[in-house]
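Q: Model the structure of this input:
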Amino acid sequence: MPTYISLLRFTQKGVESIKDGPKRLDAAKERFRKGGGELKAFYLVTGQYDAVAISEAPDDATVAKLALGNASMGFVRTETLRAFTEDEYRQIVGSLS
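A: Predicted coordinates for the structure are as follows:
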């Protein structure tokens, strides 16, 4: 299953209700499960972003739907990247002519 890295920024609404953040994270994990994926890890970070999430989903359309659903609640803005495993990297590079 493809892996995705999501870079999250809290909106003003998200910061104002940050104490409810753990409940929202639990709900997001459940949405991923129901969508056929898994939110594998969540990290609060310092710097340009507020959090990083590592997830797996069956395909790009599924992860886009989940990201849009989460963002539509107004608590976070996300930037999601498709991540390739080391094995996938080796296959990609090995296929170069």
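Q: Please make it C-alpha for all contacts and neighbour counts, starting now.
A: Fine.
Q: contacts for the strand or helix carrying residue 27?
A: Using DSSP states H and E, residue 27 falls within helix 21-34. Here helix 21-34 makes contact (CA atoms under 8 Å, 6 or more residues apart in numbering) with 14, 38-39, 57, 66, 70.
Q: can you do 7 Å?
A: Applying CA atoms under 7 Å, 6 or more residues apart in numbering, the external contacts of helix 21-34 come out as 38-39, 66.
Q: What mean pLDDT does that helix get?
A: Taken as a whole, helix 21-34 carries a mean pLDDT of 96.
Q: mind putting the contacts of helix 21-34 in CSV, secondary structure and neighbour count included?
A: As requested, these are exported to CSV (DSSP: H, G, I helix; E, B strand; the rest coil; neighbours: other CA atoms under 10 Å):
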residue, secondary structure, neighbour count
38, strand, 20
39, strand, 21
66, helix, 18
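Q: Number of residues surrounding residue 11?
A: 15 (other CA atoms under 10 Å).
Q: swap in the one 4 residues further on?
A: Residue 15 sits with 14 neighbouring residues when counted by other CA under 10 Å.
Q: What of residue 10?
A: If we define neighbours as other CA under 10 Å, then residue 10 has 18 of them.
Q: what sits against it?
A: 50, 75-77.
Q: Output those as a markdown table; include the columns distance to residue 30, pLDDT and neighbour count.
A: As requested, the contacts of residue 10 are arranged in a markdown table below (distance: CA to CA, whole Å; pLDDT from 0 to 100; neighbours: other CA atoms under 10 Å):
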| residue | distance to residue 30 | pLDDT | neighbour count |
| --- | --- | --- | --- |
| 50 | 21 | 98 | 15 |
| 75 | 17 | 97 | 20 |
| 76 | 17 | 96 | 20 |
| 77 | 19 | 95 | 20 |
